[in-house]
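Novice: Pasting a predicted model and its sequence here:
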Amino acid sequence: MARAEEDESRAPAGGAEPQEDSASDAGRSEGGERSGEDRKPSALKKPWVKGLLAIAGIAVLVGGGIWGWHYWTVGRFIQETNDAYVQADQVAISPQVSGYLATVPVAANQIVAAGQVLVTVDDGQYRAKLAQQQAQVDARQADLARAEAEVVRQQAQIDQAKAQLAASQVTAKFSAEQVKRYKPLAASGADTVEKLDQYKSQAEQNQAQVEVNDAQVQSAQKQVASLKAAVAQAKAAVDQARAGVAQAQLDLDHTVVRSPIAGRVGDLTARIGQYVQASTRLMAVVPVEDLYIEANFKETQIGLMRVGQPVTVSVDALSGHDLKGRVASFSPGTGAQFALIPPENATGNFTKIVQRVPVRIRFKAGSEARKVLIPGLSVVVSVDTRGARDDGDGEDEDADEPKVSEAGPGAQPVERTRSARARP
């Protein structure tokens, strides 16, 4: 009986062992599946993947080498800026005379030729002024004729005075001879002393008349110089009046305002009947066929730039179409130097700012492109400076050193040459 109880007590334990074994078997099966998955080969170990990666690496190296070679031989010499704009030397149209506008025969944005009439000013008062100045010329010419006639008349008076002087001289000579003849007779008593005194008195009167006539001749001759000065003054008055006529004619001509250049009308503010003063801006004429580019390069970019170097221009308005051009000129100063108030860095704190130098570029464009190009458009400019890459490699050994001053400001500069440097 005790043995039976013992068997019953062992039965539950024996029944639990099969369950534990099944659980361990399930765990081993799952672990086997995981290890099978971990043991799959990596994709990087596949031959075709390795080939693609090798090809990609070689392509990157070749591309990088090509880029590096291009940058070293070309790219580092290309100077580019987007601070560039299309420009034109437009002309502001203003009248040179004041008045009311009579006609405005042009419209906004109209293409005009050189010499074409743009506006006309009412010319009534200017025609009247021209006639007045012409009358002044006639009056001054009459004054000149009168002055010249006075000179001729004075010459006749001189001739008359000379004739009177000659007659008085003859009379005085005769009287002096009479005195000489009667003087011995009066001394000998052949004639009276009273008669001799009468002849002496008459001789003295005749001599005095000679002096009077001589003074008249001199006075008349001196009067000629005064009359000739009057003639010169009259001629100057005629010239002045003619200058007035020329000025009046010029003012009359200026009532018609013509275009000095060929181009397109812009900023038109003129209206018929408008009163304008001289130099009032009425419009602008833009030479759209003579455009250029003003590119503002940094001072660190212009070291190898030279006039004539090739330029590639990318215009925002002409997407996908680049223009070719060349460097035309450099500004004589940075943009700050020509500002209304140039910077003054001699006093106070100083912060260095990279300056920009305006560079003018001339470019070529077809007829279709010029229909779009107008002043003010933004462009991107690239200058190829490879032509000047050898300029800074060395200095000319035969060149003399510049003149330098060793004594400070105000001292005379001392010129150093190679012969001076060769001295021990």
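Specialist: Everything's here; your move.
Novice: Show me the helices in the stretch 51-200 of the chain, by range?
Specialist: 124-188, 193-253 (DSSP state H, counting those that start in this stretch).
Novice: Remind me what the shortest one packs against, helices and strands.
Specialist: Applying 3 or more Cβ pairs under 8 Å, 6 or more residues apart in numbering; DSSP states H and E, one finds that helix 193-253 contacts helix 124-188. The C-beta positions use only the backbone N, C-alpha and C, and glycine is treated the same way.
Novice: how far does the helix it packs on sit from the chain's center?
Specialist: Centroid displacement of helix 124-188 relative to its chain, using Cα atoms, centre = their mean, to the nearest Å, is 63 Å.
Novice: and it with helix 193-253, angle?
Specialist: 170 degrees (axes from the mean of the first three to the mean of the last three Cα atoms, to 10 degrees).
Novice: Who are the packing partners of helix 124-188?
Specialist: Using 3+ Cβ pairs under 8 Å, 6+ apart, helix 124-188 is in contact with helix 193-253.
Novice: following the helix it packs on, which helix or strand comes up?
Specialist: strand 256-258 (DSSP states H and E).
Novice: Pairing partners for that following strand, with directions?
Specialist: strand 117-121 (antiparallel) (DSSP bridges).
Novice: can you list contacts of the strand it pairs with?
Specialist: 93, 95, 97-106, 112, 254-259, 265, 270, 276, 282-283, 285 (Cβ atoms under 8 Å, 6 or more residues apart in numbering).
Novice: residue ranges with poor pLDDT in the stretch 101-250 of the chain?
Specialist: 190-191 (pLDDT under 70).
Novice: So what's the residue count around Arg333?
Specialist: Residue 333: Gly, not Arg. 12 (other Cβ atoms under 10 Å).
Novice: any idea whether it is helix, strand or coil?
Specialist: State at Gly333, reduced to three classes by DSSP: H, G, I helix; E, B strand; the rest coil: coil.
Novice: Which parts of the stretch 251-400 of the chain are strands?
Specialist: 256-258, 263-266, 275-276, 283-286, 292-298, 310-315, 322-330, 356-364, 378-384 (DSSP state E, counting those that start in this stretch).
Novice: export those strands to a markdown table and tack on mean pLDDT?
Specialist: Listed next are the strands of the stretch 251-400 of the chain as a markdown table, based on pLDDT from 0 to 100:
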| stretch | mean pLDDT |
| --- | --- |
| strand 256-258 | 97 |
| strand 263-266 | 95 |
| strand 275-276 | 96 |
| strand 283-286 | 96 |
| strand 292-298 | 95 |
| strand 310-315 | 94 |
| strand 322-330 | 94 |
| strand 356-364 | 94 |
| strand 378-384 | 94 |
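Novice: Check these for me and report the most buried one.
Specialist: Mean neighbour count, computed with mean count of other Cβ atoms under 10 Å, is highest for strand 283-286 among the strands of the stretch 251-400 of the chain, reaching a mean of 22.
Novice: okay, that one in CSV with CA atoms only?
Specialist: Output in CSV follows, covering the C-alpha atoms of strand 283-286 (Å, rounded to 0.1, in the frame of the first residue of the first chain):
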residue,chain,number,x,y,z
MET,A,283,13.3,113.1,-72.8
ALA,A,284,16.3,110.9,-73.3
VAL,A,285,17.7,109.2,-76.4
VAL,A,286,19.3,105.8,-75.8
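Novice: In the sheet, which strands lie alongside it, parallel or antiparallel?
Specialist: strand 91-93 (antiparallel), strand 263-266 (antiparallel).
Novice: Can you pull out the residues in contact with the last one?
Specialist: Think strand 263-266. 88, 90-91, 106-112, 118, 283-289.
Novice: circling back: closest to Ser219 out of the strands of the stretch 251-400 of the chain?
Specialist: strand 256-258 (57.4 Å; Cβ to Cβ).
Novice: Now render the helices of the stretch 51-200 of the chain as TSV, adding distance to Pro332 and mean neighbour count.
Specialist: TSV is the format used below for those (distance: least, Cβ to Cβ, whole Å; neighbours: other Cβ atoms under 10 Å):
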stretch	distance to Pro332	mean neighbour count
helix 124-188	43	15
helix 193-253	36	15
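Novice: Perfect, that will be all.
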